[in-house]
Each structure stands twice: as C-alpha cells, then as structure tokens.
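*Asks:* Output the structure for:
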Amino acid sequence: MKLRFEVNGQQVETDVAPRMTLCDCLRHQLKLTGTHAGCEQGVCGACTVIVDDSAVRSCLLLAIQVEGACVVTVEGLAQGEELSPLQQAFRKHNALQCGFCTAGMLTTLHALLSDEPAADEERIRDVLSGNLCRCTGYIPIVAAALEARVHYAKAREAEVGEMSDEAR
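*Replies:* Numbers count the residues shown, from 1 in each chain. Purely as a prediction, here's the structure:
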C-alpha cells in the first residue's frame, strides 16, 4: 500500500504492507533508527513517537494509520546539528546511560512540555510512568525535564504572541 505522511518536517511516500507497524516503517523503510523496538507490546515506551502532537507507541500503530499525519521522531527534535533544549538538558544531567529508552523518553517529554510547559514534577513522573528505564532511576531524567520547561514556556509565549499578531 502507498503511504504518504510527514516525518520530521519532510513529506515522505513509501510502500508498506497492510500489517506493518509504524515502528517498523520508520526503522526499516525510512531508516530512522532512533525509534527503538523494545517490547513490541506498547509497555516499555522505547518506540514512542509524536503523531499530530500526541505521544504514541509506534509498535501499536499500523503505519497506514498515519496517512496524511505529521510524525516526529527523536531525530526530528534537534535543529540541524544543534540539540534541542530538552536533549541538552538530558546531556547536562546525565539522564541517559545505555540509551535504549532515551528516544522514547525524549519524545514523550517533548509532547508533554509542548502542551504543558509548566508541568510539575508529579505530572512529569506520571507521564513518564509509561516509559521504562532500567539504568538511570529516573531522577536525572526528571531533573532534565524540569530544567527544559523554561524553554518550552518561552516557545509557548512566542507562539501565543504570533497568534495574537495574526488576529490583528
């Protein structure tokens, strides 16, 4: 089946089998290997990507279900060679060790903080409860998310300002 959608700001078209998952499509068809296939049952969160501004488990979604959608993978969070503020905070706080869960953590947190830039520690921990990490103990991950909030708040303020300017 022909599949057309946007991934990381680029329109793509690829052929997929009707039962191919989005995770497999991203990894094998589009060579975006930052999205990890972990449990393949939607439990671990390693395969989390953003589809139309919502964090979703790409192992549970058929690729064909994203026809016409906008998908963001961990590769799409950085601006060129420059890491996003959230990725920079992960680096600063040593919020990764083996790195297997990191892509899912980053996309989950990016979706949360884009929508709720003032999310408190309890909210962050609640949202991250669906992403499993066996290495870090979550403390540095939460610290990185808390630090990155200011950047998301500034981005939200700029977005609201632009919408106000367009309304005039």
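*Asks:* what about Glu81, how many residues close to it?
*Replies:* Using other C-beta atoms under 10 Å, Glu81 has 5 other residues around it. (Each C-beta comes from the backbone N, C-alpha and C, glycine too.)
*Asks:* domains in this protein, as residue ranges please.
*Replies:* Domain assignment of the chain by automatic domain parsing yields the ranges 2-76, 85-167.
*Asks:* will you turn the ones you listed into TSV that also has mean neighbour count and mean pLDDT?
*Replies:* Listed next are the domains of the chain as TSV, based on neighbours: other C-beta atoms under 10 Å; pLDDT from 0 to 100:
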stretch	mean neighbour count	mean pLDDT
domain 2-76	18	97
domain 85-167	17	92
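*Asks:* Mind checking which residue lies nearest the centre of the protein?
*Replies:* Residue closest to the mean C-alpha point of the chain, counted by C-alpha atoms, centre = their mean, is Thr107 at 1.8 Å.
*Asks:* Okay, and that one sits in which element?
*Replies:* Element membership of Thr107 [criterion: DSSP states H and E] is helix 102-115.
*Asks:* Tabulate the CA atom coordinates of the helix or strand following that helix in PDB.
*Replies:* Later in the chain than helix 102-115, the nearest helix or strand by DSSP H and E is helix 121-128. Only the C-alpha atoms of helix 121-128 are listed here, as PDB (Å, rounded to 0.1, in the frame of the first residue of the first chain):
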ATOM      1  CA  GLU A 121       7.500  17.100  38.900                       C
ATOM      2  CA  GLU A 122       4.500  15.000  39.800                       C
ATOM      3  CA  ARG A 123       2.900  15.400  36.400                       C
ATOM      4  CA  ILE A 124       6.300  14.600  34.700                       C
ATOM      5  CA  ARG A 125       6.700  11.500  36.700                       C
ATOM      6  CA  ASP A 126       3.100  10.500  36.000                       C
ATOM      7  CA  VAL A 127       3.600  10.800  32.200                       C
ATOM      8  CA  LEU A 128       6.900   9.000  32.300                       C
END
